[in-house]
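*Asks:* The following block contains a protein sequence and its predicted model.
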Amino acid sequence: MQQIIDRRLAGKNKSIGNRERFLRRHKEQIREAVRRAVEGRGIRDIAQGEDIHIPRRDISEPVFGHGQGGKREMVHPGNKDFVRGDRIERPKGGKGGGGGQASDSGGGEDDFVFHLSKEEFMQVFFDDLALPNLIRTTLADTPEYKTHRAGFSSDGTPNNLHVVRSMRGAIGRRIALGSESRRELHRLEDLLTELRAQPVSAERLHEIEQLETDIAALRARIDRIPYLDPIDLRYRSRVRTPVPTAKAVMFCVMDVSGSMDEARKDLAKRFFILLYLFLTRHYEKIDIVFIRHHTQAQEVDEHDFFHATETGGTVVSSALVLMEEIIRARYPRNEWNVYGAQASDGDNWHDDSPRCRQLLEHGILPLCRYFAYIQVVDQEQNLWHEYASLAEESDTFAMRKASEVDQIYPVFRDLFRKEGAAK
């Protein structure tokens with residue numbers, strides 16, 4: 001059997017290329033292994049690495065061998081009994097039976113085990129998911145630049161000239177450069193006044209002429225100090241900072257009323273945890289707003305959203321009203337891509353469900369790119385029927401049911417499947 005040795009130079013991590021090729025070659029087996037791993041762990045622990053087992057029979061490697069015929073010469077080490085041309089008898093079978101018994105017992109080869117890092121695991125887990133109607137490049141590394149003031153600089157364009165700051169610098173420069181000359185000028189002028197007050201003589205006339213010459217030279221020196229020098233000019237400085245060309249915000253709305261028992265809340269929490277992991281995995285520049293409601297709605301942080309408990313009735317419209325208020329106050333449509341997801345058991349005041357539809361249809365959906373509703377029970381109530389009629393008319397609204405834990409992930413994939421991906 002021939003051996004091929006790759007002697008091409010590589011960096012310190014020379015096995016990265018081989019690992020990536022291995023992951024691409026056995027993509028389907030790794031996906032299946034990841035799916036089995038997800039079934040055996042909680043969604044809270046989903047963002048971890050995993051040991052993946054792949055049956056060795058599924059891993060094929062290229063083998064180079066000699067074909068039939070031809071002339072070959074081989075050298076076997078340790079030969080003391082044979083010479084060229086001798087015929088070697090076939091070895092006789094013994095009673096040891098190690099290999100035969102092992103194969104008869106049905107024992108197969110060991111699985112191939114390797115560890116997927118956290119990044120690799122999440123990449124496989126979310127491989128074919130994306131937020132609908134969202135161009136990912138607008139949220140990634142394609143920035144545009146915005147200018148804002150950043151103090152003053154000594155160079156710039158005339159339209160950015162700051163007159164007051166420039167004149168202030170010019171006055172300070174003139175005072176600093178002419179202060180010594182002015183002190184000397186004042187001293188000579190006082191001395192000249194004293195000499196002129198004394199009786200006139202030839203010697204004093206000569207001193208007076210010399211002082212007048214020195215005074216004129218000092219005044220000329222002071223007059224030569226420029227009123228405004230180029231070094232005095234100060235310009236408003238503007239710097240360019242990158243800003244994302246598009247921003248996205250995801251609203252998570254959950255019912256925490258008395259009709260939502262712990263099992264239903266757990267289903268809703270699992271859906272939002274999965275959604276949260278999905279968003280933080282793909283989109284770094286995205287805001288998430290958590291809104292929980294019973295008869296009243298309130299915006300809370302992530303911890304209270306998942307862990308705090310409430311009792312009482314249900315008025316779903318309170319959450320939708322609060323969501324619309326937050327969108328209009330903090331997330332204008334011309335700057336933000338707004339997405340919403342709502343989880344509930346469908347229980348609601350009968351008169352409130354039509355209002356929920358109106359709020360969605362006329363208030364929220366015109367501001368959103370996509371809104372998903374998940375119901376954590378199979379029974380269809382008035383809220384489901386109102387939403388169902390809305391889903392038939394709107395392309396930006398979708399709804400699904402998930403009454404068991406094992407249905408959360410398929411429903412999530414169905415709601416947030418890539419556009420055009422096969423189901």
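*Replies:* Sure, I can see it. Residues are numbered from 1 along each chain as shown.
*Asks:* quick one: low-confidence ranges for the stretch 301-423 of the chain?
*Replies:* By pLDDT under 70, the weakly predicted segments of the stretch 301-423 of the chain are 308-309, 311-312, 417-423.
*Asks:* That one: strands as residue ranges?
*Replies:* 336-344, 370-375, 397-401 (DSSP state E, counting those that start in this stretch).
*Asks:* out of those, nearest to residue 236?
*Replies:* In terms of C-beta to C-beta, the element of these nearest to residue 236 is strand 336-344, at 30.1 Å. Where you see a C-beta, it was placed from the backbone N, CA and C, and this is true even at glycine.
*Asks:* what does the closest one contact?
*Replies:* 131, 134, 138-139, 246-255, 260, 267-268, 271-272, 275, 314, 316, 319, 323, 327, 331, 364, 367-376, 383, 415 (C-beta atoms under 8 Å, 6 or more residues apart in numbering).
*Asks:* on that earlier part again, may I see the strands of the stretch 301-423 of the chain arranged in CSV, with distance to residue 19 and mean neighbour count as well?
*Replies:* Formatted as CSV, the strands of the stretch 301-423 of the chain follow (distance: least, C-beta to C-beta, whole Å; neighbours: other C-beta atoms under 10 Å):
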stretch, distance to residue 19, mean neighbour count
strand 336-344, 34, 24
strand 370-375, 36, 24
strand 397-401, 36, 18
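*Asks:* Reformat the ones you listed as TSV; add distance to residue 354.
*Replies:* What follows is those, written out as TSV (distance: least, C-beta to C-beta, whole Å):
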stretch	distance to residue 354
strand 336-344	16
strand 370-375	16
strand 397-401	16
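*Asks:* what about the spatially closest residue to residue 37 that is not a sequence neighbour, distance to residue 314?
*Replies:* Distances taken as C-beta to C-beta, 6 or more residues apart in numbering put residue 50 closest to residue 37, at 4.7 Å, once the chain neighbours are dropped. When distances are taken as C-beta to C-beta, to the nearest Å, residue 50 and residue 314 turn out to be 39 Å apart.
*Asks:* same question, residue 164
*Replies:* 62 Å.
*Asks:* Which helix or strand in this protein has the lowest average pLDDT?
*Replies:* helix 98-104 (a mean of 44; mean pLDDT, DSSP states H and E).
*Asks:* Could you point out the helix or strand that follows it?
*Replies:* Under the assignment DSSP states H and E, the closest C-terminal helix or strand after helix 98-104 is strand 112-116.
*Asks:* mind listing what that next one pairs with, with the direction of each?
*Replies:* Partner strands for strand 112-116, per DSSP bridges, with pairing direction: strand 50-54 (antiparallel).
*Asks:* what comes into contact with the partner strand?
*Replies:* Applying C-beta under 8 Å, 6+ apart, the external contacts of strand 50-54 come out as 26, 29-30, 33-34, 37, 111-116, 121.
*Asks:* Which single one of the residues you listed is nearest to residue 212?
*Replies:* Here the nearest of the contacts of strand 50-54 to residue 212, counting by C-beta to C-beta, is residue 121; it sits at 94.1 Å.
*Asks:* Centre of the chain to whichever strand or helix holds that closest one, how far?
*Replies:* Secondary structure here is read from DSSP H and E; on that basis residue 121 sits in helix 118-125. Helix 118-125 sits 15 Å away from the centroid of its parent chain (C-alpha atoms, centre = their mean, to the nearest Å).
*Asks:* Now it - C-alpha only, CSV.
*Replies:* Taking Å, rounded to 0.1, in the frame of the first residue of the first chain, the C-alpha atoms of helix 118-125 are listed here in CSV:
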residue,chain,number,x,y,z
LYS,A,118,-19.3,26.1,20.8
GLU,A,119,-19.0,28.1,17.5
GLU,A,120,-19.1,25.0,15.4
PHE,A,121,-22.1,23.6,17.3
MET,A,122,-24.1,26.8,16.9
GLN,A,123,-23.1,27.1,13.3
VAL,A,124,-24.6,23.6,12.6
PHE,A,125,-27.6,24.2,14.8
